[in-house]
Every structure is written in structure tokens, then in C-alpha cells.
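A.B. asks: here is a sequence together with a model predicted from it:
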Amino acid sequence: MAVAVARSRRGLKRVVVGPPHDPARTRARSALRYVPGLLVLGVPLLIALAGPLFAGDAGPRGTSLTTGDGHPLGTDFTGRDVLREVLLGGRSVVTVALAATALTYAVALPIGFVCALTRRTWLEESLMRPLDVLLSVPSLLVVVLVSAAVQPGGAGAAVVVAVVGIPDAVRIVRAAGAEAASRPAVEALRLQGESWARTALGYVGRAMGRTLAADIGVRLTGAVHLVATAAFLGVGVAPDAADWAVMVDRNRTGLSVQPWATVVPALLIVALTMGGNLLADAALARPPRTEKDR
């Protein structure tokens, strides 16, 4: 950055002369902030989605909770190869958590928008009060009760996790939308005769984008936690299923003898949640300022 001196009627004046504005460089700098989150999240996602393609056949079982003997990560509590179980065990956790988060917002967004933008108190009350009842019930208790009645499977588990997350998500959407809907710009759009959809999606939706980006990261982490906790308790999955959370639970007794059977799936679950939050933080970060913006 250079400093030039210009002469004016009142004397000498300092003028800061910066480098020319480069939109491509600014976009590149903005994209770099997503790299840490993508790297951390990419490892468990890649293993979960592509791992079954490289798992291969089961093969003969070895001695329980041992290392070596042709098993790079040792064996688990039943003598199965830990590396193969890791490659197979992520798809259930990842797909259920992602599907549950998507289903949660598929329901929460329209309800939250309606509650934030409507001027009919009876409509808002009729939508929010039933959700308050569901909000008072612990999430894990709902999962345990449903799993005790029926075996939900992967799709059913995603629906159950999504249902218990809807009340919180609706309140976040409603609060963020109500703040944006109270701005003078929204009233101006109404006076101009703009449609409800254009007002909700065109202005209010964009105004609350940063808040929703942060909540999606937290919501995904909560879904992973709930799915992993349910699997850890043996709810909805077989005791010897190829699942990261089940591996942590069933192999923890041999942690001092064969740690890889517990540590590797636990680290992958941590990376999954941490990567989601890193991406949410990157979406919330303001783009770098340029000389043109100053």
C-alpha cells in the first residue's frame, strides 16, 4: 500500500493508494475459509460413503481384541477385522444424521416462516403450542420409546430424530424470521403489494441466512450425537452391527489391550461433528475486506 500526497486548497492532503480491486482474488480468499471444514468433514464422509466399496469379503475371524496378524487395525471383540468394520460402519450414522437434519428443516422452515410473518395470533398459537408439548419430552426418551415399540430401521430412525428436533428448529427459524420481518424494509414491501412468498423468501429468508447456517451446524451435530447415543445404547441396531457408535460401545472394555477398535470410530464421529461446525463457522464469517470496501 502506497501513500501519496496531493495538494488541495487547504494545503497538503494524504491520500492512501491501495492495489487495484481484484474480484477473483477476493473470491479465492473467501473460499479458502471453507478448506479446514471440508478437510475435517471430508474424511468421515468419504469413508462412510465409499468405504463399503473397498471393504471386501469378511474372511475368517481371528482372536478377539488383538493387533497384527494381517489386520492393520487389529480385531474387535468378536475377532472381526477392525479396518473392514470401520469402512462399513459409517454409512448408517452419516446417512441417518444428514437425512434427519434435512427432514427437520423441511418441516421447520415453512412453520417458522408462517409464525414469523403471520399477523393472525390464533394461527401462530395453533402451530407453536403442540410443538411446546413435544419440546418438553427428552429426545433420547422418545427414541427409546419408539424403538421399544417397533424396530424403526435406518429410515425410521431418521424420521424419529427429525421429529424430536423440529420444535427447536421451528423456534430458531421463528425468532430469526420475526427479527427480520420487523424491519422497515418488510413493511415497505407489503405497502408495495409484494406477495407473501417474495417477502418471505426474497428478503426475510436472505436476512436470516447466517443464523440458519449456524443452527444447521449445531443441528447436524445434535443429530449425530443422538444417533450415536441411541446406537451406543443398542437402540434400533444389532449388538454386533457394523456401526461406529456400536464399535465404540462394544470394544471399550478392551481399550487398554486393543485401542484402535475404539479410538478410530470415536475419532471419525468427532471429525464428523467438528467438520460440520467448522463449515457453519466459515459460512458465518464475513468476507475479507478489500480496499474498495474501506
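C.D. replies: Cool, the structure landed.

A.B. asks: now the helix or strand hosting L103: buried residues?
C.D. replies: Under the criterion of DSSP states H and E, L103 resides in helix 82-117. Buried residues in helix 82-117, defined by neighbour count with 16 or more other CB atoms under 10 Å: 82-101, 103-105, 108-109, 111-117. In short, each C-beta sits where N, CA and C put it, glycine included.

A.B. asks: other SSEs contacting that helix?
C.D. replies: Judged by 3 or more CB pairs under 8 Å, 6 or more residues apart in numbering; DSSP states H and E, helix 82-117 is in contact with helix 35-54, helix 121-135, helix 153-181, helix 209-232, helix 244-251, helix 260-284.

A.B. asks: what helices or strands is the last one leaning on?
C.D. replies: I take that to be helix 260-284. helix 35-54, helix 82-117, helix 209-232, helix 244-251.

A.B. asks: what mean pLDDT does the longest one get?
C.D. replies: What it means is helix 82-117. Averaging pLDDT along helix 82-117 yields 89.

A.B. asks: equivalent analysis for the last one, please.
C.D. replies: Confidence for helix 244-251, expressed as mean pLDDT, is 84.

A.B. asks: next: stretch 230-239.
C.D. replies: Summarised as a single mean, pLDDT over stretch 230-239 is 71.

A.B. asks: got the contact list for it?
C.D. replies: By CB atoms under 8 Å, 6 or more residues apart in numbering, the residues outside stretch 230-239 that reach it are 92-93, 140, 143-144, 147, 151-153, 156-157, 241, 243-246, 248-250.

A.B. asks: follow-up on the earlier one: let's have the helices and strands packed on helix 260-284 in JSON lines, adding distance to R198.
C.D. replies: Below are those laid out as JSON lines (distance: least, CB to CB, whole Å):
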{"stretch": "helix 35-54", "distance to R198": "32"}
{"stretch": "helix 82-117", "distance to R198": "12"}
{"stretch": "helix 209-232", "distance to R198": "16"}
{"stretch": "helix 244-251", "distance to R198": "44"}
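
A.B. asks: wait, which of those helices is closest to E194?
C.D. replies: helix 82-117 (11.9 Å; CB to CB).

A.B. asks: relative to helix 260-284, how tilted is the closest one?
C.D. replies: 30 degrees (axes from the mean of the first three to the mean of the last three CA atoms, to 10 degrees).

A.B. asks: which stretches of the chain have low pLDDT?
C.D. replies: 1-27, 152, 196, 234, 236, 286-294 (pLDDT under 70).

A.B. asks: skipping adjacent residues, who's closest to G56 in space?
C.D. replies: Excluding the flanking residues, the one nearest G56 by CB to CB, 6 or more residues apart in numbering is R84, at 6.7 Å.

A.B. asks: who's in contact with the one you found?
C.D. replies: Contacts of R84 by CB under 8 Å, 6+ apart are 55-56, 58.

A.B. asks: buried ones among those residues?
C.D. replies: Going by neighbour count (16+ other CB under 10 Å), the contacts of R84 have A55 buried.

A.B. asks: for the contacts of R84, which one is nearest M128?
C.D. replies: Of the contacts of R84, the one sitting nearest to M128 (CB to CB) turns out to be A55, at 46.3 Å.

A.B. asks: so what's the closest one up against?
C.D. replies: A55 sits next to 84, 87-88 when contact means CB under 8 Å, 6+ apart.

A.B. asks: and with 10 Å instead?
C.D. replies: By CB atoms under 10 Å, 6 or more residues apart in numbering, A55 lies in contact with 81, 83-89, 242.

A.B. asks: would you list those in a markdown table and tack on distance to S136?
C.D. replies: Output for the contacts of A55, formatted as a markdown table (distance: CB to CB, whole Å):
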| residue | distance to S136 |
| --- | --- |
| D81 | 45 |
| L83 | 44 |
| R84 | 43 |
| E85 | 38 |
| V86 | 38 |
| L87 | 40 |
| L88 | 38 |
| G89 | 34 |
| A242 | 36 |
